[in-house]
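Asker: Could you look at this predicted model? Sequence included:
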Amino acid sequence: MNHIPRFFYKAFGVTLALSCAFPLLGQHKPSARPNRFAASPFDTSLSTLPPFYVGQDASAVFAALQAHRASFSKSEYETSAAFAERLDAFTANRAVIGMRPSDLFAFSVKPEISYDADASELKVTIAGDYLSSPLNVAWSSLSVPVGSYVGSNAFGVKKLIHKVKRTNLNLSVDTPDWFLASYTKRVRYGVSPGFVLPVNAADAERFSQTLRVLLVGSLRAPFVTRDIGGSEPTITDPVDLTTIEQTVHVQLRAVWLYDVRTGSVVAKFDAPRFERDWPVRATLSCSACSAVGLDVELDGTNNSDMMLGWTSTEPAYLHAKTQIRLSMTTYVRSEPELEVTSKGQRVPWSCTSKYSYGSARNCSLTITAASQ
């Protein structure tokens, strides 16, 4: 009986499968997508997009950058000044599908969507439940069978092993404050991040099929990376998998949510909107936070659980529309080792003794839009 391998191609969140016989493995490729990718820099002044807009082709961008790796790779015999000059020349050159790396590219991805009918809220997630910085967003995945062989384990059990090569193309997107403020504002302990939109049930059902996320930004160093990994076959999973991770690095400037069928823009997130919508900001840093019980309120809502996982090695960034209120009880006589800055300036704490013996003190701080 002939074994029929399958090619799996996943792009924009859609998986296609094509079957063929083994002798034709080297001749068959995934069906080409229509040549409708954008070929010019993205215009952020647009109020709507063309129907079925998909932005730039990330695979073509990766290929173009990979072909010019020598232009942005530093030699050990090259001074930093000479490399910087050569890098500036590369970023000014239209070497990437007719565009400069410093131009605005737009990459369309299909998000994960969930709907809360009781709250009439649509959650849009682009990188699963895990929030990292930079954010790793899958753009496409291609798995191709490349042969087979008979393998055996230490006990002599033999199995037909299928060799598969999988190529994943990802976008490594930085996470500026304006992105985090909108993408993680509803995050609570055990709840995944995502953009949350007020949407009625009819629109939510339509958006579950047509909503896309447009990641807009310029290309940033190291521009592209390529890593090879894989997994060894087992008796229960007889697949010898080689995985190639290809990544395009993007400096994020804007995120648009839009209906791919009509081109209508549902929401825009960028730095100017962040300045308007989140005027109250504070940064927390602490060298001994394990000894401090901290209560956080943003816009009158208790957000203490947002601080779970916060370590003293990295500052915590708080964003609010009207007010940030911090309070804690410390059982040391010295000032708490918690520093708060707002607009780059340190904000002093106000601490008062609560008990007559003075071993516990309450400390509080309120930052409002007016105090900013």
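Answerer: Sure thing, it's come through. Remember, it's a predicted structure, so these values are computed and weren't measured experimentally.
Asker: Assumed Ala202 was part of a helix.
Answerer: Yes: assessed with DSSP: H, G, I helix; E, B strand; the rest coil, Ala202 lies in a helix.
Asker: how many neighbours does it have?
Answerer: Neighbour count for Ala202, taken as other Cβ atoms under 10 Å: 8. For glycine as for every other residue, the C-beta is placed from the backbone atoms N, C-alpha and C.
Asker: list the contacts for it?
Answerer: Listed by Cβ atoms under 8 Å, 6 or more residues apart in numbering, Ala202 has no contact partners.
Asker: So which residues of this structure form helices?
Answerer: With DSSP state H as the criterion, the chain has helices at 58-67, 80-91, 177-183, 201-210, 271-277.
Asker: Same question for the first one: list its buried residues.
Answerer: Residues of helix 58-67 classed as buried by neighbour count (16 or more other Cβ atoms under 10 Å): Ala58, Ser59, Val61, Phe62, Ala64, Leu65.
Asker: quick one: the third one and Val96 touch, right?
Answerer: Okay, so that is Val61. Yes: taking contacts as Cβ atoms under 8 Å, Val61 lies within contact range of Val96: 5.8 Å.
Asker: Find the residues that touch each one of those two.
Answerer: Leu219.
Asker: thinking again about what came up before, most packed of the helices of the chain?
Answerer: Mean neighbour count (mean count of other Cβ atoms under 10 Å) peaks for helix 177-183 among the helices of the chain, with a mean of 20.
Asker: In PDB, could you pull the C-alpha coordinates for it?
Answerer: This file holds the C-alpha atoms of helix 177-183, laid out as PDB (Å, rounded to 0.1, in the frame of the first residue of the first chain):
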ATOM      1  CA  ASP A 177       4.300  51.000  26.500                       C
ATOM      2  CA  TRP A 178       1.400  52.100  24.200                       C
ATOM      3  CA  PHE A 179       1.000  48.500  23.000                       C
ATOM      4  CA  LEU A 180       1.100  47.000  26.500                       C
ATOM      5  CA  ALA A 181      -1.300  49.500  27.900                       C
ATOM      6  CA  SER A 182      -4.000  48.400  25.400                       C
ATOM      7  CA  TYR A 183      -3.000  44.700  25.000                       C
END
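Asker: related to what we said a few turns ago, quick one, which of the helices of the chain is nearest to Thr262?
Answerer: Within the helices of the chain, the stretch nearest Thr262 is helix 201-210; the backing value is 7.8 Å (Cβ to Cβ).
Asker: Going along the chain, name the strands of the stretch 51-200 of the chain.
Answerer: 105-109, 112-116, 121-125, 135-152, 158-173, 195-198 (DSSP state E, counting those that start in this stretch).
Asker: partners of the fourth one, with directions?
Answerer: If I follow you right, that is strand 135-152. Next to strand 135-152 in the sheet, as set by DSSP bridges, lie strand 6-11 (antiparallel), strand 158-173 (antiparallel).
Asker: Same list, these, but as JSON lines with mean pLDDT, distance to Asp299 and mean neighbour count please.
Answerer: Listed next are the strands paired with strand 135-152 as JSON lines, based on pLDDT from 0 to 100; distance: least, Cβ to Cβ, whole Å; neighbours: other Cβ atoms under 10 Å:
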{"stretch": "strand 6-11", "mean pLDDT": "41", "distance to Asp299": "39", "mean neighbour count": "18"}
{"stretch": "strand 158-173", "mean pLDDT": "94", "distance to Asp299": "27", "mean neighbour count": "18"}
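Asker: Next, format the ones you listed as JSON lines and append distance to Arg100.
Answerer: Formatted as JSON lines, these follow (distance: least, Cβ to Cβ, whole Å):
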{"stretch": "strand 6-11", "distance to Arg100": "25"}
{"stretch": "strand 158-173", "distance to Arg100": "18"}
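Asker: pLDDT weak spots in the chain?
Answerer: Filtered on pLDDT under 70, the chain yields the residue ranges 1-35, 128-130, 185-191, 287-293, 304-313, 331-337, 353-359, 371-372.
Asker: check contacts around the residue positioned nearest the centre of the chain.
Answerer: When Cα atoms, centre = their mean is applied to the chain, the residue found nearest the centroid is Leu135 (2.8 Å). By Cβ under 8 Å, 6+ apart, the residues touching Leu135 are Ile126, Ala127, Ser172, Val173, Asp174, Thr175.
Asker: can we see that at 6 Å?
Answerer: Ala127, Val173, Thr175 (Cβ atoms under 6 Å, 6 or more residues apart in numbering).
Asker: Make JSON lines out of these and add distance to Ser40.
Answerer: Shown next, in JSON lines, are those (distance: Cβ to Cβ, whole Å):
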{"residue": "Ala127", "distance to Ser40": "27"}
{"residue": "Val173", "distance to Ser40": "21"}
{"residue": "Thr175", "distance to Ser40": "27"}
